[in-house]
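# Sequence and computational prediction follow.
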Amino acid sequence: MSVFHDKHILLGVTGSIAAYKAADLASKLTQSGALVDVILTAAGEKFVSPLTFQSVTGRRAYADQDLWGNEAHVIHVGFGKSADILIIAPCTADTMAKLAHGIADNLLTVTALAAQCPLLIAPAMDGGMFDHPATQENLARLKERGATIVGPTQGHLASGLSGVGRMVEPIEILGYIRLVLGRNGKLARRKVVVTAGGTQEPLDPVRVLTNHSSGKQGYALAEAALASGADVVLVTAPTALSAPVGARVVPAQSVQNMLDAVIEECRDADALVMAAAVADFRPADPAAGHGGGGAHRMPALEGADFAPMQMSREPRRERPIGPVAAPRRGGRGPLPGSLPRSRRGRAEPRSRGAAAQGGQP
């Protein structure tokens, strides 16, 4: 069962152009099984409407006018007691300052004061604002209180400037939420080592002996261990996957690299999950340069009960197996050396006379 299943998540959305990412985050959380209630500030509503969040979560989205409705005296208290985590993404410099100094002048900030759950903040602001001493002081104060700060990253900003201030992507925030929700899980304070991916044994400086393993199984196992509160070490061969948030990654290209890393990490580990696709053979003497026609001897891997295997180069063919006639540019007939159409499995066309008489060409 997912760590998000039936979790009550409050998502605060403030006035930033990154508010559109919050809709994606709300959708991903809902698809993962969470119950998501969204609270928008007045500035947040300028960028994304409550209807957008109602559409992706299937639940009502709240705004400042709800603070003064029929439920005014209990709505923020109810949210604060029932939520498993409060996420504010994007969080502007203004809202961050209010949180740091206990200012409660809208539904989101008053709910934050009443909340008895972990707080996760994903800042988003324009150039220079994040590095300002006031913002850094507020950030440090929130960290001291136990808030989890995710980002921001560096890149192109709405003003056209480039700098630190971009909100991190929803998929990364999802990883941090998984960590926070699972930190008191069944594997809390346990070290789990996971291997993943297909190892690569070099034949020469250019080519490798490998397999089709994607590494997805090992990475999924690492995420599951993280969701249960474990301290995860991911020993991984090269893959195209992004490392799970919170895992310590140890790269290992070859079988020997992976063996050394696993032995080292298992000295104080509580569990080892071996999901890597390791090679059964490796070249005895990898070539120093690319090319050449010699054979590579492939002995068994140390410790494996396999017979030595010999690799040799297949002789080059003198001609293609199935040449195809291709017209020249300008329609001037097939290229030199191509076979006639009848040689490619098509019958020569009959003459008109033979066709009329039913005869053979």
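Perfect, I can see it now. Numbering: from 1, shown residues only.
# what ranges do the helices span in this structure?
Taking DSSP state H as the test, the helices found in the chain are 19-31, 42-47, 50-57, 75-82, 93-101, 107-114, 133-144, 170-182, 216-227, 255-265, 352-357.
# Would you reformat these as CSV and include mean neighbour count?
No exception for glycine: its C-beta is placed from N, CA and C like everyone else's. Shown next, in CSV, are those (neighbours: other CB atoms under 10 Å):
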stretch, mean neighbour count
helix 19-31, 21
helix 42-47, 17
helix 50-57, 18
helix 75-82, 17
helix 93-101, 20
helix 107-114, 22
helix 133-144, 14
helix 170-182, 20
helix 216-227, 22
helix 255-265, 17
helix 352-357, 10
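# For Gln200, find the nearest of those helices.
Taking CB to CB, helix 255-265 is the member of these nearest to Gln200, at 9.2 Å.
# Now do the closest one: which elements does it pack against?
Applying 3 or more CB pairs under 8 Å, 6 or more residues apart in numbering; DSSP states H and E, we find helix 255-265 packed against strand 191-196, strand 231-236, strand 248-251.
# sorry, back to before: mind putting the helices of the chain into a markdown table with mean pLDDT and distance to His8?
Output for the helices of the chain, formatted as a markdown table (pLDDT from 0 to 100; distance: least, CB to CB, whole Å):
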| stretch | mean pLDDT | distance to His8 |
| --- | --- | --- |
| helix 19-31 | 93 | 11 |
| helix 42-47 | 92 | 20 |
| helix 50-57 | 93 | 12 |
| helix 75-82 | 79 | 5 |
| helix 93-101 | 92 | 20 |
| helix 107-114 | 90 | 13 |
| helix 133-144 | 93 | 22 |
| helix 170-182 | 91 | 11 |
| helix 216-227 | 93 | 17 |
| helix 255-265 | 91 | 36 |
| helix 352-357 | 43 | 79 |
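# Using a markdown table, lay out those helices together with distance to Ala196.
Listed next are those as a markdown table, based on distance: least, CB to CB, whole Å:
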| stretch | distance to Ala196 |
| --- | --- |
| helix 19-31 | 23 |
| helix 42-47 | 39 |
| helix 50-57 | 32 |
| helix 75-82 | 37 |
| helix 93-101 | 37 |
| helix 107-114 | 38 |
| helix 133-144 | 32 |
| helix 170-182 | 16 |
| helix 216-227 | 2 |
| helix 255-265 | 10 |
| helix 352-357 | 65 |
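# Of all these, which one comes closest to Thr153?
Among these, the nearest to Thr153 by CB to CB is helix 170-182 (9.0 Å).
# Show me the domain layout of the chain.
By the assignment in automatic domain parsing, the chain contains the domains 8-182, 186-317.
# can you tell which of the ones you listed is closest to Ser2?
domain 8-182 (5.1 Å).
# and Pro118, how many neighbours does it have?
17 (other CB atoms under 10 Å).
# Correct me if wrong: it contacts Thr148.
Yes - under the criterion of CB atoms under 8 Å, Pro118 makes contact with Thr148 at 6.8 Å.
# what's the residue nearest to Ala252 when sequence neighbours are not counted in contact with, if anything?
Nearest non-adjacent residue to Ala252, counting by CB to CB, 6 or more residues apart in numbering: Met258, 3.9 Å away. Counting by CB atoms under 8 Å, 6 or more residues apart in numbering, Met258 makes contact with Thr195, Thr199, Val235, Ala237, Ala252, Ala276, Val278.
# tell me the pLDDT at the third one?
According to the model's per-residue confidence, Val235 sits at a pLDDT of 95.
# who's it bridged to?
On the basis of DSSP bridges, Val235 is bridged to Thr195, Val250.
# Provide a list of residues in contact with it.
Val193, Val194, Thr195, Ala196, Val250, Ala252, Met258, Ala261, Val262, Glu265, Ala276.
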